[in-house]
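A.B. asks: When you get a sec, could you give me coordinates for this:
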Amino acid sequence: MTCCLWPPQGLALDPVASLLYVLDSQPSPSSLNGSIGVFRLAAGPGSLASLGSITTPPQPHSLTLSSNRRLLYLTTSSQDKLVQMDLAARTCTPLPLVNNTLVEPQGVVLHPNGLLYIADAGSNMLWSYNFSTTELQAVAGEVNMSQPNIAHFVRPFGVAIDSDRSLLVTDQAGCTLKRVSVPGYNDDTSYSVSYVVGEVAVASAANACGSRPSPMHLISGVVYGDVQQARGELLASQLLHPGAVQVDALGTIFVREGDGEVGGKVVQIDRSLDQVSSLPFNVSGWVVGGMALGPSSRSLFLASRTFITQNSIVPTSMIMG
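C.D. replies: Sure, this is the predicted structure:
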């Protein structure tokens, strides 16, 4: 199934109402604002019914649904970095920020603890937003010796909630997928960062990320390597420009990777954390496109350059309509 849009970006699914929200960064070549297309999942596979669109501030990046399914929270590169959308009134309101230090917020997710977590690719930080205090708190980011508990990111991009309520964050420049523990869950009392994919160095001169290593890579022992040679060994693997990340009900992790030159793919990481494999369908367009799991976790919705595709996970084949 394909659905034509201009440059679709973030995706959010309401499985209860069978609604798909598609963040469109520029609905037309002359448009200054973004929009959110609202689609109802039809009975047959590969079918969407358009329910109209809602205007957003310029340069929207990502979105997440509130727990009551009445609101959407958006990240943008415009003046209003965090925006709340009322789906009933179809209006956008900037979230108040007493310390607006966001630069290029990308991935955003609402955690069961009531906090928003934002991956800021511009400041190399992972932030939490508290609705009560309207404050941003640095969760993880660039190496800061005065804050040894704050580990580094190079360009955090996608963020998702793991089955144990920790956070999964893709690091584009670091070619890695990292897990961030959340206080109050799994006996954790503070935020800490560990690697899921990409910690072990690979003996190869190939530069999988497309950029030179920085001192922050060397501090953590991360060295660039060959993606294909390392694919079978999880910690020795490296992700090529990882972006959106999703976790299904069984704990299987899906990471979208790729760039505009080589195309893209979806990497599946088994819950045993000992196998990394690519799903057998290609994804056109750069990694900025969003990704959302279908209601039954048996399919993925992917945003590409000009359309949305629905791809079956089991069995692994593409649904076209």
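
A.B. asks: Report how many residues lie close to Leu19.
C.D. replies: 18 (other C-beta atoms under 10 Å). Glycine gets a C-beta too; all of them are placed from N, C-alpha and C.

A.B. asks: Chain neighbours aside, what residue packs nearest to it?
C.D. replies: In space, and not counting its chain neighbours, Leu19 is closest to Arg40: 5.9 Å by C-beta to C-beta, 6 or more residues apart in numbering.

A.B. asks: Give me the helices and strands touching the helix or strand harbouring that neighbour, please.
C.D. replies: Applying DSSP states H and E as the criterion places Arg40 in strand 34-41. In terms of contacts (3 or more C-beta pairs under 8 Å, 6 or more residues apart in numbering; DSSP states H and E), strand 34-41 is packed against strand 19-24, strand 48-56, strand 60-65.

A.B. asks: Buried ones in stretch 33-41, by neighbour count?
C.D. replies: Asn33, Gly34, Ser35, Ile36, Gly37, Val38, Phe39, Leu41 (16 or more other C-beta atoms under 10 Å).

A.B. asks: With stretch 95-114 instead?
C.D. replies: Quick answer for stretch 95-114 (16+ other C-beta under 10 Å): Leu95, Leu102, Glu104, Pro105, Gln106, Gly107, Val108, Val109, Leu110, His111.

A.B. asks: May I have the residues that are in contact with the first one?
C.D. replies: In this case it means Leu95. Contacts of Leu95 were listed using C-beta atoms under 8 Å, 6 or more residues apart in numbering, and they are Tyr73, Leu82, Val83, Gln84, Tyr129, Phe131, Thr134.

A.B. asks: Now the fourth one: which helix or strand?
C.D. replies: Gln84 belongs to strand 82-86 when assigned by DSSP H and E.

A.B. asks: What lies in contact with the strand holding Arg40?
C.D. replies: Strand 34-41 is contacted by residues 3, 5, 8, 17-27, 47-60, 63, 72, 76, 85, 294-295 when judged by C-beta under 8 Å, 6+ apart.

A.B. asks: helix/strand/coil for Gly158?
C.D. replies: Three-state call for Gly158 (DSSP: H, G, I helix; E, B strand; the rest coil): strand.

A.B. asks: so it sits right up against His241, yeah?
C.D. replies: No: applying C-beta atoms under 8 Å, one finds Gly158 not in contact with His241, separated by 10.9 Å.

A.B. asks: Please say which of these two ends up with more neighbours.
C.D. replies: Gly158 (28 against 25).

A.B. asks: ok, now which ones touch the more buried one?
C.D. replies: Gly158 neighbours (C-beta under 8 Å, 6+ apart): Gln106, Gly107, Ala119, Val169, Thr170, Pro242, Gly243, Ala244, Val245, Val255, Arg256.

A.B. asks: Buried subset of those residues as a PyMOL selection?
C.D. replies: Here is the PyMOL selection string for the buried members of the contacts of Gly158, based on 16+ other C-beta under 10 Å:
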select buried, resi 106+107+119+169+170+242+243+244+245+255+256
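
A.B. asks: can you pull out the strands in the stretch 51-200 of the chain?
C.D. replies: Secondary structure of the stretch 51-200 of the chain (DSSP state E, counting those that start in this stretch): strands at 60-65, 71-76, 82-86, 91-94, 105-110, 116-120, 125-130, 135-140, 156-161, 167-171, 176-181, 192-197.

A.B. asks: so what does the host helix or strand of Val266 touch, helix or strand wise?
C.D. replies: In this structure, Val266 sits in strand 263-269 according to DSSP H and E. Where contact means 3+ C-beta pairs under 8 Å, 6+ apart, strand 263-269 is packed against strand 253-259, strand 276-278.

A.B. asks: Report the buried residues of the longest one.
C.D. replies: Think strand 253-259. Ile253, Phe254, Val255, Arg256, Glu257, Gly258, Asp259.
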